[in-house]
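A.B. asks: Next input, structure requested:
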Amino acid sequence: MQSQVVISGCSGGGKSTLLGELQRRGHVTVAEPGRRIIAEQIRLGGNALPWADMAAFLREALRVAAMDLEDISLDVGPVFFDRGLIDAAAALQRLFGVPLSQSLGESLPYGQLVFLAPPWPEIYCADEERKHGFTEAVAEYDHLDRTYRALGYEVRLLPRSSVADRSDFVLEAIHRR
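C.D. replies: Numbers count the residues shown, from 1 in each chain. As a prediction, the model looks like this:
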């Protein structure tokens, strides 16, 4: 069984809800760096926000995701990450042309199996922290899908089903490995 599992994909695709269910079932989860950064930047009056300074926001997401990896003990069994280093690096590449190798280095930080939440218009909604529209969310998803596959990850698409079914899908897949 792999220890570090990334749940990535489309914004508004149900990733955080899935992580909440995995945590409820007793698994270790790591919250999305972006949401934590936004809350902190708003609290501090900072500008490393996606709608103010996207490049600064993504550089901070890289820093926070790297700290998350350092803070996690590999002895605790599977750890589920709501996004991570590769998501921030892929966004820097897509939006600012920064090569993945510059953001990631040579190592691939997570287990080989990655789960992607596909675009799901029926559940997508913008909020105070997710101000972009569905079209941008789909473009982000498409780039993440290509990036994870190009890096050699085995990508599994999450089914559009209940959160309980999605959790079962993820746990079955990682226990089969």
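
A.B. asks: Now do the same contact list for the most centrally placed residue in the chain.
C.D. replies: By C-alpha atoms, centre = their mean, the chain has its centre lying nearest to R83, at 1.3 Å. Residues near R83 by C-beta atoms under 8 Å, 6 or more residues apart in numbering: 6-8, 15, 32-34, 65. The C-beta positions use only the backbone N, C-alpha and C, and glycine is treated the same way.

A.B. asks: out of the residues you listed, who's nearest F169?
C.D. replies: I7 (11.2 Å; C-beta to C-beta).

A.B. asks: List the contacts of the strand or helix carrying the closest one.
C.D. replies: Taking DSSP states H and E as the definition, I7 sits inside strand 4-9. Residues from elsewhere that reach strand 4-9, judged by C-beta under 8 Å, 6+ apart: 15, 18-19, 69, 72, 74, 78-84, 86-87, 109-111, 113-118, 141, 144-145, 148, 158, 170, 174.

A.B. asks: Give me the PyMOL select line for the residues you listed, limited to the buried ones.
C.D. replies: Buried subset of the contacts of strand 4-9, written as a PyMOL selection, criterion 16 or more other C-beta atoms under 10 Å:
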select buried, resi 15+18+19+78+79+80+81+82+83+84+86+87+109+110+111+113+114+115+116+117+141+144+145+148+158+170+174
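
A.B. asks: Narrow the contacts of strand 4-9 to those in strands?
C.D. replies: Counted as lying in strands by DSSP state E, out of those, are 79-82, 113-117.

A.B. asks: Who does the nearest residue to V5 once chain neighbours are set aside form a beta bridge with?
C.D. replies: Nearest residue to V5, sequence neighbours excluded (C-beta to C-beta, 6 or more residues apart in numbering): F80, at 5.1 Å. Beta bridges link F80 to V5, T29 when assigned by DSSP bridges.
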